[in-house]
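Trainee: Attaching a predicted model along with its sequence, questions to come.
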Amino acid sequence: MKYLKHDDPQIAVLISQEAERIENTIDLVASETHMPQSILEEMGSVLNHKTIEGYPGKRYHAGCEHVDIIENLAIDRMKELFGAEHANVQPHTGSSANFAVYFSVLDIGDKVLAMELSHGGHLTHGHFASMTSKAFNFEHYEVNLETELIDYEALAKKAEEFKPKMIVAGASSYPRVIDYERFSQIAKSVDAYFFVDMAHIAGLVAAKLIPSPVDYADFISFTTFKTMMGGRGGVILCKKEYANAVDKAVFPGTQGTTAVSNIAGKATIAKLAQEENFIEVQAKTIASAKLLAKALAEKGYRLVGGGTDTHQVVVDVTSKDLSGSQAEKTLESIGIITNRNYIPKDTGRKASGLRLGTGPISVRGMEGDTIVKLANILDNALINYENQEILSELKKNVLGICKEFPVYK
Ligand code: DSN
């Protein structure tokens, strides 16, 4: 950071401190990862100079001979990786990708059926605080409150009554696999488009470890910075017949120029995702989530959805008389980074859940006994959340694990 230290020493120090924080804490945030250094290089490269608008071969600025090849590589590799008919790699992130999908085929005021936020959905699935709810008429489906799994019969009934023009599957906080075939049958039965937001699980799908929605959905969006490990950004996959509408909805519909550096990151991760190391990380991610879930359940924690099939373990921490916020803060104080989350039983503003994700720790190589150790530390901290002496001891243990498994060697 030679140049940054000169131009802005304050930011240079903050970046060094952030790098240290990353190395010296354990990241269990389900929407984060540690991306390969090659992708960090791309993000800080000269690709940031280029303004692009339009698509390869049809740009509004000259000088695109190299960036056109980069974008075409990203598109072709994403299509090949997921077996999709069309890919748009320009969305800034998952939210912008979702906006573009909605605006590609819907008119203002059209009806959309999506998952309730506290049951696992996302803000851009029509939450009242999101502009999506101002633009479209959303109705929400829920999980069965006993099993905390999607209730497909209730969903079919709701779709029949509401008659949406689009049905959205996919979640930010739902640890189980989704039956895309069932969803698509329901969507077809009411003549609705079927859209899957697979932001959280894209890496697991890319590694072919959990079912893919590609054969069933008209549109799929995902982010590249969660399990996908490709740096900031979003991608839309869709059937050929919607390619034009999606491209137009991204640019010029909802975005202007986009970051070529991020498109390069998407190209690179779509290449790396075909390689053994990526698939191994994704396999460890699922195995460690299952192990963590089992260990926590044995210690008396109630798991939302009864366990996990993915990278997420969602814990109802009220089973230990804590709120999600208390649990998040306690763990942060010992160097374990998580986030509180609403769970299906929540009706007020207080989150009862703690959402854990095993993506970042799997990139670091943690697995097996280390996961069991981690579950013990987690439990010890939560049941002793008022005991500073125990918490300081646990913080040392966390640091010890971090030193054993550096993020960047
Ligand atoms: N949707 C937010 C999350 O799941 O944490 C950010 O990606």
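Mentor: On my side now, so go ahead. Computed from a predicted structure; not experimentally measured. Numbers count the residues shown, from 1 in each chain.

Trainee: Please tell me how far the residue in the stretch 101-250 of the chain positioned nearest to the ligand sits from residue 318.
Mentor: Residue nearest to the ligand within the stretch 101-250 of the chain: residue 172 (3.8 Å; C-beta to the nearest ligand atom). Placement of C-beta: from N, CA and C, glycine included. Going from residue 172 to residue 318 by C-beta to C-beta, to the nearest Å gives 20 Å.

Trainee: More neighbours: which of those two?
Mentor: The neighbour comparison of residue 172 against residue 318 (other C-beta atoms under 10 Å) goes to residue 172, with 23 against 18.

Trainee: what kind of secondary structure is the more buried one in?
Mentor: Assigned state for residue 172: coil (three-state reduction, DSSP: H, G, I helix; E, B strand; the rest coil).

Trainee: Surely residue 74 and residue 263 touch.
Mentor: Yes: the criterion here is C-beta atoms under 8 Å, and residue 74 meets it with residue 263 at 5.1 Å.

Trainee: give me the number of residues near residue 332?
Mentor: Counted with other C-beta under 10 Å, residue 332 comes out at 14.

Trainee: go on, residue 28?
Mentor: Quick note: residue 28 (other C-beta under 10 Å) scores 23 neighbours.

Trainee: And for the one 4 residues further on?
Mentor: Burial of residue 32, expressed as a neighbour count using other C-beta under 10 Å, amounts to 17.

Trainee: And the one 3 residues further on, by the same measure?
Mentor: Using other C-beta under 10 Å, residue 35 has 22 neighbouring residues.

Trainee: Was I right to think it contacts residue 230?
Mentor: Yes: with contacts defined as C-beta under 8 Å, residue 35 counts as touching residue 230 at a distance of 6.6 Å.

Trainee: ok, residues contacting stretch 281-291?
Mentor: 175, 203-204, 206-207, 209-210, 227, 229, 307-313, 356-359, 361-363, 366-368, 371-372, 375 (C-beta atoms under 8 Å, 6 or more residues apart in numbering).

Trainee: try 7 Å this time
Mentor: Outside stretch 281-291, the residues that touch it by C-beta atoms under 7 Å, 6 or more residues apart in numbering are 203-204, 207, 209, 227, 308, 310-313, 358-359, 361-363, 367, 371-372.

Trainee: Give the buried residues for that stretch.
Mentor: Residues of stretch 281-291 classed as buried: 281-282, 284-291 (neighbour count, 16 or more other C-beta atoms under 10 Å).

Trainee: Those residues in helices, which ones?
Mentor: Under the assignment DSSP state H, the buried residues of stretch 281-291 contribute 281-282, 284-291 to helices.

Trainee: Could you check how far residue 85 is from residue 242?
Mentor: Taking C-beta to C-beta, one finds residue 85 at 9 Å from residue 242.

Trainee: neighbour-wise, which of these two wins?
Mentor: residue 242 (19 against 14).

Trainee: so what's the more buried one up against?
Mentor: Contacts of residue 242 (C-beta under 7 Å, 6+ apart): 104-105, 218-219.

Trainee: cool, and residue 66?
Mentor: Per C-beta under 7 Å, 6+ apart, neighbours of residue 66: none.

Trainee: Helix, strand or coil: sort out it for me.
Mentor: Assignment for residue 66 (three-state DSSP): helix.

Trainee: same deal with residue 113?
Mentor: Classified using three-state DSSP, residue 113 is strand.

Trainee: what about the one residue in the chain that gets nearest to the ligand, how many neighbours?
Mentor: Closest approach between the chain and the ligand, counting by C-beta to the nearest ligand atom: residue 31, at 3.3 Å. The local packing of residue 31 (other C-beta under 10 Å) involves 19 other residues.

Trainee: which element is it on?
Mentor: Residue 31 is part of no helix or strand when elements are defined by DSSP states H and E.

Trainee: The one 3 residues further on now?
Mentor: Secondary structure assigned from DSSP H and E places residue 34 in neither a helix nor a strand.

Trainee: likewise the one 5 residues further on?
Mentor: With elements taken from DSSP H and E, the one containing residue 39 is helix 37-43.

Trainee: and that helix, which residues are buried?
Mentor: Under 16+ other C-beta under 10 Å, the buried positions of helix 37-43 are 39, 42-43.

Trainee: ok, now stretch 175-184?
Mentor: Within stretch 175-184, the residues scored as buried using 16+ other C-beta under 10 Å are 175-176, 178-180, 182-184.

Trainee: which other residues reach it?
Mentor: By C-beta under 7 Å, 6+ apart, stretch 175-184 touches 149-150, 152, 167, 169, 194, 196, 210-211, 213, 216-217, 304-305, 308-310, 312-314.

Trainee: and what of stretch 44-52?
Mentor: 59, 61, 64, 67, 257-261, 264.

Trainee: ok, back up a step: among the contacts of residue 242, which ones are in helices?
Mentor: 104-105.

Trainee: Looking at the contacts of residue 242, state which has the most neighbours.
Mentor: residue 219 leads the contacts of residue 242 on contacts (other C-beta under 10 Å) with 27 neighbours.

Trainee: what pairs with that residue across the strands?
Mentor: residue 195, residue 238 (DSSP bridges).

Trainee: Not counting its neighbours along the chain, what's nearest residue 225?
Mentor: The spatial neighbour of residue 225 that comes closest, neighbours along the chain excluded (C-beta to C-beta, 6 or more residues apart in numbering), is residue 232 at 5.1 Å.
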